[in-house]
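>>> Got a predicted structure plus its sequence, pasted below:
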Amino acid sequence: MFIAQALAHIRGNKAAAGVLHGLPNWVVLFVVAIAILNFSATFLCAQAPGSLPQTPGVPAQESPGTSTDLFVMFGSDFDRPGLLPRANYNVGIGHTFGFLKKDPIGDELTFGYTYENAGTHGFLHTAYGEHTESVGVMKNFPLPKTKTVTGYTWIQSGITSFTGNAHVQNRLDSGVSLGAIVHFNNSNSIWIQESFSKVVTVPWYTTSSIGYTYSW
């Protein structure tokens with residue numbers, strides 16, 4: 001239909017009619033088709049991506065910095081009263097969440113198991129053990145003028161089970177830690193920390209620990 005309209009327009013134009021006068025209709029149609037194709041090509045080139053006006057792009061949403069930490073820590077408890085040294089072994093896993101980055105309490109949720117020597121003598125192990133399953137929240141923060149070392153606070157709470165007696169005794173265990181992480185690369189680091197803990201019905205104690213952590 002567009003070609004027919006163009007043909008009628010050309011026939012109504014005296015100048016064009018003079019040029020195309022006497023030509024067969026198929027020739028006139030061919031000329032009109034060529035003109036239309038040429039106009040279409042010119043229009044498409046003008047609308048090519050390179051010539052389109054640039055519109056502000058929507059910035060891609062940044063991927064939240066998350067990681068999973070698998071840690072193994074060795075340390076010594078110093079029980080009060082008397083500063084008696086006791087073995088403390090801790091293994092656990094933690095995961096950072098991007099939406100918690102600005103949370104003042106913590107950005108990493110943890111779950112861990114801790115074995116402590118609860119005997120009256122010895123260091124590594126006795127028949128009396130203190131087994132704790134705990135959950136916690138850790139807050140990682142940078143230190144000024146260094147990227148190799150970062151700091152963290154760690155709040156934990158869980159259930160401690162005392163074994164070796166006639167009956168297993170379960171107690172609430174809560175603690176808070178302050179530590180530093182020495183980063184070797186994105187996957188390997190050393191954690192060094194000092195903790196203050198309190199078990200219900202038991203005197204408070206501190207723990208000095210050092211451990212290895214693998215992150216991915």
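Nice, thanks for sending it over.
>>> those strands in the chain, which residues are they?
For the chain, the strands defined by DSSP state E occupy 68-79, 84-96, 108-117, 129-143, 146-163, 169-183, 188-199, 205-215.
>>> Indicate which one of those is closest to residue 102.
Nearest of the strands of the chain to residue 102, taken as C-beta to C-beta: strand 129-143 at 10.8 Å. In short, each C-beta sits where N, CA and C put it, glycine included.
>>> Go through the closest one and flag the buried ones.
129-132, 134, 136-140 (16 or more other C-beta atoms under 10 Å).
>>> with those in mind, which one is nearest to residue 110?
The shortest gap between residue 110 and any of these belongs to residue 136, at 4.4 Å (C-beta to C-beta).
>>> that older thread, can you redo the strands of the chain as a markdown table with distance to residue 123?
Shown next, in a markdown table, are those (distance: least, C-beta to C-beta, whole Å):
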| stretch | distance to residue 123 |
| --- | --- |
| strand 68-79 | 8 |
| strand 84-96 | 5 |
| strand 108-117 | 7 |
| strand 129-143 | 13 |
| strand 146-163 | 17 |
| strand 169-183 | 20 |
| strand 188-199 | 18 |
| strand 205-215 | 13 |
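>>> Tabulate those (TSV), appending mean pLDDT and distance to residue 102.
What follows is these, written out as TSV (pLDDT from 0 to 100; distance: least, C-beta to C-beta, whole Å):
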stretch	mean pLDDT	distance to residue 102
strand 68-79	89	20
strand 84-96	90	13
strand 108-117	94	13
strand 129-143	94	11
strand 146-163	94	15
strand 169-183	95	20
strand 188-199	94	23
strand 205-215	93	21
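>>> Identify the farthest-apart pair in the buried residues of strand 129-143.
Applying C-beta to C-beta across the buried residues of strand 129-143, the maximum distance is between 129 and 140, 31.1 Å.
>>> Spell out which residues make up each domain of the chain.
2-51, 68-215 (automatic domain parsing).
>>> right, so the ones you listed: which one is the most enclosed?
The highest average neighbour count among the domains of the chain, using mean count of other C-beta atoms under 10 Å, belongs to domain 68-215 at a mean of 15.
>>> how long is it end to end?
5 Å (C-alpha to C-alpha, to the nearest Å).
>>> now do stretch 133-153
OK, stretch 133-153 end separation, C-alpha to C-alpha: 19 Å.
>>> contacts for it?
Stretch 133-153 is contacted from outside by 94, 96, 103-114, 154-159, 173, 175-183, 193, using C-beta atoms under 8 Å, 6 or more residues apart in numbering.
>>> mind running it again at 6 Å?
Identification of contacts with stretch 133-153 by C-beta atoms under 6 Å, 6 or more residues apart in numbering yields 105-106, 108-113, 154-156, 158, 178-183.
>>> Please apply the same query to stretch 194-210.
73, 75-80, 88, 160, 171-178, 192-193.
>>> Dump the C-alpha coordinates for that stretch into CSV.
Output of stretch 194-210 as CSV, limited to C-alpha atoms (Å, rounded to 0.1, in the frame of the first residue of the first chain):
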residue,chain,number,x,y,z
GLU,A,194,41.5,-12.8,74.4
SER,A,195,38.2,-13.9,75.9
PHE,A,196,36.2,-13.3,79.1
SER,A,197,33.7,-16.0,79.9
LYS,A,198,31.2,-16.9,82.7
VAL,A,199,29.5,-20.2,83.4
VAL,A,200,26.5,-20.1,85.7
THR,A,201,27.5,-21.4,89.2
VAL,A,202,31.2,-21.4,88.2
PRO,A,203,33.8,-18.6,88.7
TRP,A,204,34.6,-16.5,85.7
TYR,A,205,37.7,-17.2,83.6
THR,A,206,39.7,-15.7,80.7
THR,A,207,41.1,-17.5,77.7
SER,A,208,44.1,-16.6,75.5
SER,A,209,43.9,-18.3,72.1
ILE,A,210,45.5,-18.5,68.7
